[in-house]
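Chemist: Fold the stuff below for me.
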Amino acid sequence: MVPGHGSRGHRRSRCRSAVHRESRSHRGRKNPRWKVAGRTASVVTAKGKTALTLSEGSGMGVVWLEGYQFSNGVIEVDMLGRSQPVQGSFVGVAFRVADATTHDAVYFRPFKLSRDRSGTPPPRRAIFVAPAVALATAPSGAPRPVRTSGRAEPDGDNWFHARIVVERPKVSVFVDDRTEPSLVVNELGDRGQGSVGVWVGEGSGGSFANLRVTRQK
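Modeler: Take a look at the predicted model:
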């Protein structure tokens, strides 16, 4: 990933396949590096796309670009999870990343729950916005920010595209080619900037391709 300048008023950067490759220096600044925490990462071909694939594992996993700063702008990525087993797939985007446990995440749950004993229909596949640091490190009994869910139904077993528009404090999430957001929510964290990357939840692996970031000045 080589940070670069796009059109006037914002800067664009692209995540290539080589997550372990050190990016070149940019105008004399210190070389940023990809960091992997909580998972192992590999580059594979997944359902027709060259992708960064994160292994399954306990806790959360995140890959981010150390030394990269993002405040407002647009994050886009193609993601591949799985529909089975239930509660087995949580894939998303991390932003405002300070380190492996301090970041915010927009993540997708690309599976449907079964009907409960009362026969109530299962909830739709969902989007969540949550500050990962609170979910990961809040002491037992401490109040936690409410996770805000939105309606979206990405195919659990195929690639889908997500576009996250961050205009602090508002975060808007668009799925595939929809022109209306599936979720609009105010940020829950108080950090104004940080790095960006990809994210998987408890027990989950996942694959990611075509990560693009457009930073607004």
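Chemist: Pull the number of nearby residues for Gly48.
Modeler: Applying other CB atoms under 10 Å, we find 9 residues neighbouring Gly48. From N, CA and C alone the C-beta is placed, and that goes for glycine too.
Chemist: mind checking how far Gly203 is from Pro85?
Modeler: 9 Å (CB to CB, to the nearest Å).
Chemist: correction: Val91
Modeler: Looking at Val91 against Pro85, where the rule is CB to CB, the gap reads 15 Å.
Chemist: Looking at those two, which one has more neighbours?
Modeler: Counting neighbours by other CB under 10 Å for Val91 and for Pro85 shows that Val91 has the greater number, 26 against 9.
Chemist: and the more buried one, bridged to which residues?
Modeler: In this structure, Val91 bridges to Phe108, Val200 when assessed by DSSP bridges.
Chemist: which ones are touching it?
Modeler: For Val91, the residues meeting the contact criterion (CB atoms under 8 Å, 6 or more residues apart in numbering) are 79-81, 107-108, 110, 198-201, 204, 206, 208.
Chemist: Over to Trp199?
Modeler: For Trp199, the residues meeting the contact criterion (CB under 8 Å, 6+ apart) are 60-63, 91-94, 103, 105, 107, 132.
Chemist: can we see that at 6 Å?
Modeler: For Trp199, the contacting residues are 62, 92, 94, 105, 107, by CB atoms under 6 Å, 6 or more residues apart in numbering.
Chemist: What residues sit buried inside stretch 209-217?
Modeler: By neighbour count with 16 or more other CB atoms under 10 Å, stretch 209-217 contains the buried residues 209-211, 213-215.
Chemist: What ranges does this structure have for its helices?
Modeler: Ranges of helices within the chain are 132-137, based on DSSP state H.
Chemist: which residues of it score low on pLDDT?
Modeler: 1-32, 86, 111-155 (pLDDT under 70).
Chemist: okay, now the residue lying closest to Gly192 once chain neighbours are set aside: neighbour count?
Modeler: Closest residue in space to Gly192, ignoring its immediate chain neighbours: Ser71 at 6.0 Å, by CB to CB, 6 or more residues apart in numbering. The burial metric for Ser71, expressed as a neighbour count using other CB under 10 Å, is 16.
Chemist: what's the answer for Lys35, then?
Modeler: 17.
Chemist: what's the answer for Trp159, then?
Modeler: Trp159 is flanked by 20 other residues according to other CB under 10 Å.
Chemist: Check Gly192 too.
Modeler: Gly192 is surrounded by 12 other residues when neighbours are defined as other CB under 10 Å.
Chemist: re earlier: which of the buried residues of stretch 209-217 sits closest to Ala37?
Modeler: Relative to Ala37, the closest of the buried residues of stretch 209-217 is Leu211; by CB to CB it sits at 16.9 Å.
Chemist: My read is that the closest one contacts Met79, right?
Modeler: No - contact status for Leu211 versus Met79: not in contact, 9.7 Å apart, counting by CB atoms under 6 Å.
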